[in-house]
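> I'll drop the sequence and a predicted model, then ask my questions.
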Amino acid sequence: MALTYFLAQSRSPDMVLRARIYDGLQALALHDAELTRDVLLARSGLLTNYDSLAQTEQKLRDTIVSLQRESASISGAAAREIGPRVDALTKAVQDKLVLVEYFKSDNALLRNSSTYFTHTGQMLDDGLRAGGPAPATEIAALSQAMLRLLQSPDATGDTEVRRALDRLSRVPALSADGAALVTHGHLIVEMLPRVDDLLQQIATAPIPARADALEDAVRRHSNRFEARAQVFRILLYLAAVVLMAYVIHQFRRLRVSARALRRANVSLEHEITERRQTASALLISEERFRAITESANDAIVSVNVQGHIVSWNAKAETIFGYHADEILGRSFICLLPPRRHPWDEKRLGARLAAHAARQAGRTMELAARRKDGSEFPLEISLSTWSATDGHHVTGMIRDLTARKQLEETTRQQELQLIQANKMTALGTLVSGVAHEINSPTQLLLMNASILGDAWSDAVKILDQHRREEGEWSLAGLRYSEMRATIPALLQEVHEGARRIERIVADLKHFARPPTYARTAFALNEAVERALRLLAHAVQTRTHRFEVALAADVPMIDGDPQLAEQIVVNLVMNALEALPDPERGVCVTTAFDRKERTVVLEVRDEGVGIPAEHLGRMCDPFFTTKAQTGGTGLGLAITSSLVRAHGGRLAFSSEPRRGTRAMVTIPASGAGDVPADHVATAVGAKEPVGCS
């Protein structure tokens, strides 16, 4: 500490400060001389403008500011000695700059008046010579007197000019230019002594004396500081000599201690050799244990009696998400769900040891928590062991997440297969029921036709009876009303039977096993047949069902029965997505002449498709309607049927605003269109392909 103090005090940091102040003073003297030179040049008329004066003034200001900044860094007695001198120098500079400003304005006024006087006097002299000798003589005398005054200002010249001005001002009928000439002459006489006085003050400004005083003060301060630093350099040298003597003394003592240490080192080497052999054997055993632990397929975690984790293998990092350096030493409770946290953390290790003793050789399942907070099922078997630091419990842990998911997937697929089997049986049953309905439907059609013919024959007789007997009742109504009503009733019975016949035919056609025979057919006809089958579902689910089938749609190649199934699946999906009957569904067809493709579009105003389900829309057995009987096969089958027609199925959806499904199939003779992979988009302006 003494050496450091002496070293700090022996340095002369003020030398740099003194050099900067000296440089500043030299620059100040130079700029002051430049300013005085420029003022003299301006007074003599050799300086065309005041730009150089302004630049020199700014340099003086910058230099004095730099000196003030340097003096502000000084403290103590030096500040009290140097500060006032810097202030005095600053004031002298400021006073000189003020005088220069006065000089510039007065000199400019004097030069302007002199220029005007010279120019106007010459003009008046030339112009007045024609009017008589008197005015011209006065102006010439005034000009000569003014010239002598400007060249050598003195009291005699001043008096002579004033008299000439008085004589000229008394000239009768003096022109306006002559009066202005007199005015400027008086102004020159007044300003000339003032400008010369300012010039004298500027030239004799006390800036050099003040700068010399400041330089002397800085020099005296630096000399005092340097003398003090020299004293501390001597003290630093003496302290270094004392320290060197002390180091030599300590070195001798260390040599004595080193001899004793060598003797002790020989005995310790034998002991170290024995311990090294023991440590090597322990290290080999530890490496073998670590290799077994790290390569295990199960997580291996050990806990001490305080419930703190003391070992953690690589599989544990994979399962729980914690690295070894962030989990070792923490309580085992952090791996358990929050509902298990009320356990007494202080007794956690003892409870685990007791439980491991009871459950030795057996496994158990429980819930655990990963680093990200998610819970998962695991299988664990516990064992206990002891070491020098106490009892420990080790758990062999296996993640059951994949197995549980597989079990759940298997169960769901079994349920879906059962549901698919039920749907197959239902299709067979529908085909049989359609066949049974067909017989009474044919009977209704035949009877309605016979009853119509019978009524046509009977109405002639009944009309004759009415003309003869008057109005009479038939089935509780007047004959005149029944005569028009009965044909309408028979027509309605006939049309109803025909409608039942068409529905049965469409149902049988839809339920018939597909032949996968490619033939040319009209897509609009397949859409109409499919919508007739869905008439009841449409009426019960929406009040706004629109159909717009383009008239220019050409034929397509494929199976019309499979095309009907495509329409049924898409329309049913759209209807089931509607939250209330006020939302609508629109089915349209169109022909893209540029691409030579037929387009079927089903657009609904339903709930839309959730983002997390978009990538799995066409996956087999994936459904969001399992609670209402969905099998997850509708869109998967639909996409396969579209591919069978060489087409493309695309979806676009906006959550809570609806979904649009678009089927694009090549027109007959347009060639096959390669199918794209499954893709969906939320809020997309254009549908994205689904194959």
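That came through, no problem.
> which residues does Leu67 contact?
Ile21, Gly24, Leu25, Leu28, Val86, Leu89, Thr90, Leu214 (CB atoms under 8 Å, 6 or more residues apart in numbering). From N, CA and C alone the C-beta is placed, and that goes for glycine too.
> So the fifth one versus Ile500, what's the distance?
If I follow you right, that is Val86. As judged by CB to CB, to the nearest Å, Val86 and Ile500 stand 118 Å apart.
> just to revisit the earlier point, which members of the contacts of Leu67 are the farthest-apart pair?
Spatial extent of those (CB to CB) is set by the pair Ile21 and Thr90 at 13.4 Å.
> For the two, work out which one has more neighbours and name it.
Per other CB atoms under 10 Å, whichever of Ile21 and Thr90 has more neighbours is Ile21, with 25 against 17.
> Which pLDDT value belongs to that one?
Looking at Ile21, its pLDDT is 82.
> How is the chain partitioned into domains?
Split into domains by automatic domain parsing, the chain comes to 296-399, 405-502, 515-690.
> Quick check: which of those domains is nearest to Glu274?
domain 296-399 (19.2 Å).
> Now do the closest one: distance to the chain's middle.
Between the centre of domain 296-399 and the centre of its chain there are 41 Å (CA atoms, centre = their mean, to the nearest Å).
> Quick check: mean pLDDT of that domain?
78.
> And stretch 72-87, by the same measure?
Stretch 72-87 comes out at a mean pLDDT of 79.
> which outside residues touch it?
Stretch 72-87 has contacts (CB under 8 Å, 6+ apart) with 14, 17, 67-68, 71, 210, 213-214, 217-218, 220-221, 225.
> go with 10 Å
Contacts with stretch 72-87, where a contact means CB atoms under 10 Å, 6 or more residues apart in numbering, come from 14, 17, 20-21, 24, 64, 67-68, 70-71, 210-218, 220-222, 224-225.
> buried residues in that stretch?
For stretch 72-87, a neighbour-count test (16 or more other CB atoms under 10 Å) marks Ile74, Ala78, Glu81, Ile82, Arg85, Val86 as buried.
> ditto for stretch 19-29
Neighbour-count burial for stretch 19-29 [16+ other CB under 10 Å]: Ile21, Gly24, Leu25, Ala27, Leu28, Ala29.
> Those residues in strands, which ones?
Among those, no residue falls in strands (DSSP state E).
> Tell me the one of these nearest Arg593?
Closest approach between the buried residues of stretch 19-29 and Arg593, by CB to CB: Ala27, at 88.5 Å.
> give me the element the spatially closest residue to the closest one that is not a sequence neighbour is part of.
Excluding the flanking residues, the one nearest Ala27 by CB to CB, 6 or more residues apart in numbering is Thr63, at 5.0 Å. Assigning secondary structure by DSSP states H and E places Thr63 in helix 51-72.
> pull the CA atoms of that helix into CSV?
C-alpha atoms of helix 51-72 as CSV (Å, rounded to 0.1, in the frame of the first residue of the first chain):
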residue,chain,number,x,y,z
ASP,A,51,-15.6,36.9,-43.0
SER,A,52,-12.0,36.4,-41.8
LEU,A,53,-12.8,38.6,-38.7
ALA,A,54,-15.7,36.4,-37.8
GLN,A,55,-13.6,33.2,-38.2
THR,A,56,-10.8,34.6,-36.1
GLU,A,57,-13.3,35.7,-33.4
GLN,A,58,-14.8,32.2,-33.3
LYS,A,59,-11.3,30.7,-32.9
LEU,A,60,-10.6,33.1,-30.0
ARG,A,61,-13.9,32.0,-28.4
ASP,A,62,-13.1,28.3,-28.9
THR,A,63,-9.6,28.8,-27.4
ILE,A,64,-10.9,30.6,-24.4
VAL,A,65,-13.5,28.0,-23.8
SER,A,66,-10.8,25.3,-24.0
LEU,A,67,-8.7,27.2,-21.4
GLN,A,68,-11.8,27.5,-19.1
ARG,A,69,-12.4,23.8,-19.4
GLU,A,70,-8.8,22.9,-18.6
SER,A,71,-8.8,25.3,-15.6
ALA,A,72,-12.0,23.8,-14.3
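> got the angle between the helix or strand following it and helix 51-72?
Later in the chain than helix 51-72, the nearest helix or strand by DSSP H and E is helix 77-128. Taking axes from the mean of the first three to the mean of the last three CA atoms, to 10 degrees, one finds that helix 77-128 is oriented at 170 degrees with respect to helix 51-72.
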